[in-house]
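A.B. asks: Quick one, what's the 3D model for this:
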Amino acid sequence: MLKKGFLLCLTLLFCATFLSAQNTVSISGSVKDSIGNPVASASIAIVNQAGAGVTFGTTNDKGLFKCDFQIGYESYSIKVTAMGFQQFYQAIEQKNNELLNVVLKQKSYKLTEVTIKSNTKISLSSDTLKYSVKGFQESNDRVIGDVINRLPGIKIDENGAISYNGKRITNVYIDGDNLLDGRYKMATNNVPVGAVEQVQVIECDQPVKALNGFVSSNNVSLNIKLTDSARTMMVNSAYLGAGNKAHVAELNNLIFNKKIKAINTFKTNNIGENLEAEQAVLGQSFNNEVALKLPKTFLSMESETLPNMKEKYYLLNNDYAGSLNALIKMKADWGLRLNLSTLQLKRKFQYNNTINYFLGTTDTIRFNADQDNVYKLNQWHAEAQFEKNSKSIYLKSITKLEIPKWKRNGSTLQNEQGFGQSQPTKQLSISNETNLVKALGVNNILQYNGLVQYYRVDENLEIAPGIQQNIVNGGAGYLALNQRASTKNIFINQSATFKTKFNCFVLSAAAGASFEHNQLNSHLYKTDSTNNTSSVGNQFKNDIGFSNLGLYGRISALYLLKKSSINLEASPTLNNISYSDSERSTAKKNTYFVFNPMIEFRKTLGKYSELNTRFAQQTQFGQVNDIYGGTILVNYRQFNFNDTPLPKTDLTNINLRYSYRKPLKMLFYNLMLGFDRTNQNFINSYTLDSGLTKSVAIDFRNTIDQYSLNGNISKYIFSLEINIAAHGSLGMQKGNNFYNGEITPFKTYQLNTGLSLRKKLFAKVTLSVAGDLSRSLNKQESLGGPIENESANERIKGEWLHNLSSGFSYVLTYNFVSYRQFSHEPIRNQFLDFNLKYAPTNWKSFFEFQCVNLINQRAYQQISSSANQLSTYQMPLRSRTFLIKYSFTF
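C.D. replies: Okay, the predicted model is just below:
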């Protein structure tokens, strides 16, 4: 039946293209100034009653224009803008071949210092905010990411993710084209700053032309507008560097013309630059009704704790990475995008972690672990996308292949017991996503979304000599322990949506089906003193099949006004979930019906501010990794299994967001209030001692509430030439923990504040200072009385940039980190870096001398805490590193 239904949907989809003819209107005319001179390059936009652009154009050198667009049952207006003139806005009669003669009035400016400076750096056109790169560029900038991080209202976090006025960026375009999809750090890290004219922020970004007027977009994207010279030639750049046991090399090939765009790179280094982070997915694709499943792993060699500082100070790496990224634009709005990449990584990790658990019914439990590990990754990624984006049809089909292979090896010392570990892991993931939108006349569209994905994960954890003798070998010593786990997953989702609009309403109805099947096989083996390998026991074995068949609908009503919108949506879903465990001869079936409502309201307040509020409820169900009954050794000290019905999690989210931005004054701020409630039908029960952790998921009604308040502000003060930004957040979470047979309610309070200043002290000297303070208070109730712990973290960064001459400049950077747990002495870490740059006159190259960790701090410590846990983490740092680099273009 599912197959027949799917074929029927496809038949209806393609037949619908012939159901209606499109009603097209042509508007033409001229644009002149008040004395009759033609205005060339004026921007022409036809907008609907909601203010969304329907079609766009420009006037020629004689001031003439012509625009064709499809009309519906709503009113339309023409908007004309040109530099130095007041905006012209007038309703049009929707008559074919209508002739309009537009006269623009000159716009006068108050030539104050503030206005002139802002206009050279930043401007606003409709929903697009434009930053001039030259207005913010400094001599040491190499790639466009260096400039973006300083733009008022924009922030780049430690991972490279970009946010604008507190909202995450969805995508980064290059001259309007989506070359890299969510892997946009490849652009910000590799496009030379000299090749970029503007960085543009596109608010309410909705790039699917066929959906204009049918959706209310809340996405924000960036567009990197290139210089004319960058569009006409191939840009090749490279740099080489060497130092004390240090090397770095990079080769970039960039092509940015109308027909083809490409970013091709090869990189290698051993100085702590994480090339894996550059290829991480930070944004998201548009029009994704359903997301791909992430492969799940069960085993690890450790509880991976990463230091709260830059990787260049601690990451002992030897990385190689290569990527080919090309977008070919063809006729009739067709495009082909290819992304190929590989990562060959080697990492060394050395650390000591001391963990304390404070439990009411028992003494404090402590354990200590020393690890010395080597990780190697061999990863290949391939992606191909066909896309057609026109006013009447949108088609995107993207196929992805991911093949990562990890080899992890190391030695561990836990509570004076030493052993070696090896953890090879192989993964394979292949998927296809297809989206189709077809306009049926002017006021109706039909949409199809399809997703097919398969992935497999094979894991192996080997430990020698054997550990946990009391559990796996009756207390006797043995040679080795081997935990194996293999998972397979098939995920299919198909849906069709019909949208219709009339007046200010857009109604939508969708129907679809999803099917997911998981298979888990795991077993634990031991090698005895005679070198014989055997099963530890059937209680450590899993052979489980898990299936989830969902039939769902989606109904929504969108009410669009010029300055506001209301969206009501519900996704009723019927889930048929079944799973069987052949080892325990059990089989279960469950049927659930959930409604999943959502209400969203958006309102533009005046010219500069916006109010958003959203309420949503969603139900999520567990998968095979949540219901296995056989025990799995997930790491050297922890055994997990489940004794619970199918996990079910009900999520409720309410948030209210107010944002304000006045670009010409370079003032941006936002405030968001949020509430999240998580209701679960299970809780993880932990049994702890100094050498072992047992975790079992059990039947329990568990509620976790989280309240949050956060805000950001960014302002450029022209009179002082200071760029200032501040952020703050306050949060509270309450729930339950279950340790050593006792359920303990807990509350956690978090306070985070930060301030950054950037000031040009003199013509050639710039000083920037940034500081962050976070404080946490954790409380839990137990039979032995209340338990509290409080901690604070402080971070300060200062940077001094001095341009000695047109060719010489240097940068001094100071980083300070402090951790304080209020019953312990504070732990402080500080770093000093130095960079000297020399750019010979008329050379397309420059030299750099770098020194990282100039004061040669050799060890790092940090404290982290939760409601009942306190850990002290220590690791050695990279020694002082000197590097001489030569960068050039050709």
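A.B. asks: So which residues of this protein form helices?
C.D. replies: All helices of the chain, identified by DSSP state H, fall at 2-15, 113-121, 133-136, 144-148, 185-188, 228-232, 275-278, 469-472, 624-627.
A.B. asks: least reliable of those helices going by mean pLDDT?
C.D. replies: Of all the helices of the chain, mean pLDDT reaches its minimum on helix 2-15 (a mean of 39).
A.B. asks: ok, now which ones touch the residue nearest to His824 when sequence neighbours are not counted?
C.D. replies: Of all residues beyond its chain neighbours, the one nearest His824 is Ile863 (7.1 Å), with distances taken as Cβ to Cβ, 6 or more residues apart in numbering. Any C-beta I mention is one placed from the backbone N, CA and C, and that applies to glycine too. Going by Cβ atoms under 8 Å, 6 or more residues apart in numbering, Ile863 touches 791, 819-821, 824, 827, 870-873.
A.B. asks: repeat that with 10 Å
C.D. replies: Residues near Ile863 by Cβ atoms under 10 Å, 6 or more residues apart in numbering: 789, 791-793, 819-821, 824, 826-827, 870-873.
A.B. asks: do Gly630 as well
C.D. replies: Neighbours of Gly630 in contact, by Cβ under 10 Å, 6+ apart: 520, 522-524, 537-544, 581, 583-584, 640-642.
A.B. asks: Which phi and psi values does it adopt?
C.D. replies: Main-chain dihedrals, Gly630, degrees, to the nearest 10: phi -80, psi 140.
A.B. asks: could you check the distance from the residue nearest to it when sequence neighbours are not counted over to Leu751?
C.D. replies: With sequence-adjacent residues excluded and distances taken as Cβ to Cβ, 6+ apart, Gly630 is closest to Asn542, at 4.0 Å. The spacing between Asn542 and Leu751, counted by Cβ to Cβ, to the nearest Å, is 43 Å.
A.B. asks: now swap in Asn642 and tell me
C.D. replies: Distance of Asn642 to Leu751, given as Cβ to Cβ: 36 Å.
A.B. asks: likewise Ala725?
C.D. replies: Distance of Ala725 to Leu751, computed by Cβ to Cβ: 18 Å.
A.B. asks: can you check Gln414 too?
C.D. replies: Distance of Gln414 to Leu751, given as Cβ to Cβ: 35 Å.
A.B. asks: Ile722 now?
C.D. replies: For Ile722, the distance to Leu751 - Cβ to Cβ - is 26 Å.
A.B. asks: Repeat that for Ser729.
C.D. replies: Counting by Cβ to Cβ, the gap from Ser729 to Leu751 is 8 Å.
A.B. asks: Identify the contacts common to the two.
C.D. replies: Shared contacts of Ser729 and Leu751, defined by Cβ under 10 Å, 6+ apart, comprise Ser774.
A.B. asks: What's opposite the spatially closest residue to Ser690 that is not a sequence neighbour in the beta bridge?
C.D. replies: Once flanking residues are discounted, Ser690 sits nearest to Phe367: 4.8 Å by Cβ to Cβ, 6+ apart. Beta bridges link Phe367 to Ile355, judged by DSSP bridges.
A.B. asks: For Phe367, the count of nearby residues, please.
C.D. replies: Phe367 sits with 18 neighbouring residues when counted by other Cβ atoms under 10 Å.
A.B. asks: just the strands in the stretch 601-750 of the chain please.
C.D. replies: 609-621, 632-635, 638-643, 648-662, 667-689, 692-717, 722-739, 742-762 (DSSP state E, counting those that start in this stretch).
A.B. asks: right, so of those strands, which gets closest to Val290?
C.D. replies: Proximity to Val290 (Cβ to Cβ) singles out strand 609-621 among those, at 13.1 Å.
A.B. asks: Identify each buried residue in the closest one, please.
C.D. replies: 610, 612, 614, 617-619, 621 (16 or more other Cβ atoms under 10 Å).
A.B. asks: Repeat that for stretch 507-516.
C.D. replies: Result for stretch 507-516 [16+ other Cβ under 10 Å]: buried residues 508, 510-516.
A.B. asks: still on that earlier bit, neighbour-wise, which of Gln414 and Leu751 wins?
C.D. replies: More crowded of Gln414 and Leu751, by other Cβ under 10 Å: Gln414, with 19 against 15.
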